Structure formats: structure tokens, C-alpha cells
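Engineer: Sequence first, predicted model second:
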Amino acid sequence: MNNQAPQRPLKLGTRRSPLAMAQAEEARARLCAAHGWAESQVELVPVTASGDKIQDRPLADIGGKALWTKELDAWLVSGEIDFAVHSMKDVETIRPENFAIAAVLPRADVRDVLIGAASIHAIPPGARVGTSAPRRAAQMLHARPDLTVVSFRGNVATRLAKLQAGEADVTLLAAAGLGRLGETGVGHPLSEYEWLPAPAQGAIGIECLASRADLCAWLGAIDDKPTHHAIRAERALLLALGGNCHSPIAVLTTHHESSLTLRAALFSPDGAERVEAHETFAAGDDAGPAHLAHRLLGEAPDAIRVHFHGAG
Ligand SMILES: NCc1[nH]cc(CCC(=O)O)c1CC(=O)O
């Protein structure tokens, strides 16, 4: 480990949304605490991501997850920032080869929270579900085919305001995001065993250039190994499935002594079809998630399979 203090304040790039800023503050606090640095050793550098400028269309239709990363990626390469902090859920499966996810912070609550009704079954017949996440839409339509999905973009506060304004009857948000924004009393968390979360939900990652050994070492000190292993496995599953932002996939990781169990479900976008499988493998073994992907695609009906281009 590198115990030398930085020569100048380190620049931590982040999106500008309140949730992204809260996550960047958490990353800064952990980094400074681990190294005994003053908070001023890490400077937050906010950037407006393309995804934050376009609020009126589903993300899947306008270029997907790269909309959250491309500005920060360019700043990392140019040296404008030293690190970039991300919700790992929003980070593309394939990253530039010269980048390293050098720290993953301890995972927060992985559950989705239902807002507007006390449970899935308590949602009134025919109600409108506000979400733009293909996974949430498919999961909900699978459980409740009588419901209608309406597009619902924007940051957490915007979505809560849209719900308040009656643009939908219920919505779903990540407990992790609500918690980080201090919105802890909102809605009803759904059991993660019955309503599987999104890949990498609840995990914050910090990237730097892989060539910067000093930065990688500083970040390594705050890397949470169990969360990192889980995120690596969940991302390996996505990669092997050939999933993208149009493909509804849910996954829950449980940890054992030195192994992980991934339980994953794939849906058709309309929720009519669902396949599920699970697999246990050693932490760090990317062949395990690939095998799980192969099995899922092998069992999936065409209505699911056509939305993936994995090896299965
Ligand atoms: N898609 C936006 C997004 N990206 C990360 C989070 C929440 C925090 C997390 O999952 O780590 C959210 C909001 C949400 O899904 O409710």
C-alpha cells in the first residue's frame, strides 16, 4: 500500500444529481478516513452527464448507460480528474481497458422500494406504474399483468414529485438511493428474495486510470472485497448474457465463506415470460456467472431469448 500523502488535492469526478453528490461525499469521507487525510485533500468535481440533460425519453432509447459515464471517462483520460465515482448499476458492462474499478464501497440495501401502495398485491387493479427501467416494468407486469407501465424518468426527487402530481399511481425506487438522500421513511421495501434487484444495485464504484499505481493503491485501501466480488460476478453474468438496457434481468447475490450464490431471473419485456436459475461458485471465478448465463438462455423461451445475444 502507498502511505504517502498526495502532493495536491485529488480530484473526484461525479455527476451533479443530489444522489451522485451524496455518493461522492461518501467516497471522499471513506478515502480520507482510511488515509488520515483532511477532507480538503479530495476535491469533488461535478459534471453534467448527457443522461441528466435528456429527461423526456427512456434511457434505453437514447444510448443507454454510456450516457452516465462518457463525460467522466473523457475527464479521466485527459487528467481533468483523478477518480470518477459511479453507481455501479449505471456503468456499462464493458469499460475501457485502461480504466480500473479500483474500489467498490460496502453495498447498501439492495432492495427496491414500492411507493404508492403497501405491497404488490395491494396495488389497485389497472393502476399505472411509473418506471422507465425495463427490469422493473417486466417484473411488475409479471406479478400484475393488469397494470399499465408509464415512462418515468428524472432523478429521485423528480420521480417522487411526478408520483405526487398523479402522473402514476405507484413507482419503484432503490432503497440505497433513497437512504443516501435521507428519504428513509418513504414507501415499502420489497423482499429481495421475491423481487430480485438489478445487477450491481446499491454498490458505488470508484474508477481511475489503471496505469496510476498511486491512485489504485489509495483506492485499494477502501475496497470492500465481498461487494467487489459480488459486483464482478453480477457484471460477468450481464456480459455473458449479452444483456443491455433493453433486456430485463434481475439478480441477487448471497455470500458464503469463500463462494457466492447468484440467483438470476430473465423476463420478456411484457412480463409474460420469466426464467430463473441459480449457481454457486468461488469468488472471482468468472466462469461461474458465464455458466449461469448459459443455463438461463438454454431454458429461456424465444420471447426472452431474442433480447439477449449471449453465448447460450
Ligand atoms: N437508475 C438510476 C439509479 N442509479 C442508481 C440508483 C440508486 C442507487 C443504487 O442502486 O446504488 C438509481 C435510482 C433508482 O434506481 O432508484
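Structural biologist: Good, I have the coordinates.
Engineer: How about the residues of the stretch 1-150 of the chain by the ligand?
Structural biologist: The stretch 1-150 of the chain comes close to the ligand at residues Ser87, Lys89, Asp90, as judged by CB under 6 Å from any ligand atom. The way it works is simple: take the backbone N, C-alpha and C, and place the C-beta from them, glycine included.
Engineer: Could I get the contacting residues of the first one?
Structural biologist: If you count contacts by CB atoms under 8 Å, 6 or more residues apart in numbering, Ser87 has them with Leu19, Ala20, Gln23, Trp68, Gly177, Ala200, Ala203, Ile204.
Engineer: what's the spacing between the closest residue to the ligand within the stretch 51-200 of the chain and Glu279?
Structural biologist: Residue nearest to the ligand within the stretch 51-200 of the chain (CB to the nearest ligand atom): Gly177, separated by 3.1 Å. Look at Gly177 and Glu279: by CB to CB, to the nearest Å, they are 28 Å apart.
Engineer: neighbour-wise, which of these two wins?
Structural biologist: Gly177 (24 against 20; other CB atoms under 10 Å).
Engineer: these two touch, right, the more buried one and Ser17?
Structural biologist: No - the pair Gly177 / Ser17 is not scored as a contact, 9.7 Å apart, by CB atoms under 8 Å.
Engineer: Mutual contacts of these two, please.
Structural biologist: With CB under 8 Å, 6+ apart as the test, Gly177 and Ser17 both reach Val156.
Engineer: Could I get the contacting residues of Leu147?
Structural biologist: Applying CB under 8 Å, 6+ apart to Leu147 gives the contacts Ile123, Gly126, Ala127, Arg128, Val129, Met140, Leu141.
Engineer: Turn those into JSON lines, columns for neighbour count.
Structural biologist: Formatted as JSON lines, these follow (neighbours: other CB atoms under 10 Å):
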{"residue": "Ile123", "neighbour count": "21"}
{"residue": "Gly126", "neighbour count": "10"}
{"residue": "Ala127", "neighbour count": "15"}
{"residue": "Arg128", "neighbour count": "18"}
{"residue": "Val129", "neighbour count": "23"}
{"residue": "Met140", "neighbour count": "25"}
{"residue": "Leu141", "neighbour count": "21"}
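Engineer: Among those residues, which ones are in strands?
Structural biologist: Among these, DSSP state E puts Arg128, Val129 in strands.
Engineer: re the thing from before, with the contacts of Ser87 in mind, which one is nearest to Gly154?
Structural biologist: For these, the closest approach to Gly154 (CB to CB) belongs to Leu19, at 11.4 Å.
Engineer: sec struct for the closest one, please.
Structural biologist: helix (DSSP: H, G, I helix; E, B strand; the rest coil).
Engineer: Give me the number of neighbouring residues for it.
Structural biologist: So Leu19, with other CB under 10 Å, has 18 neighbours.
Engineer: Give me the pLDDT for it.
Structural biologist: At Leu19, the model reports a pLDDT of 96.
Engineer: Which residues are in contact with the nearest residue to it once chain neighbours are set aside?
Structural biologist: Once flanking residues are discounted, Leu19 sits nearest to Gly177: 5.1 Å by CB to CB, 6 or more residues apart in numbering. Gly177 sits next to Leu19, Ser87, Val156 when contact means CB under 8 Å, 6+ apart.
Engineer: cool, and Lys162?
Structural biologist: By CB under 8 Å, 6+ apart, the contact list for Lys162 reads Gly130, Phe152, Gly154, Ala168, Thr171.
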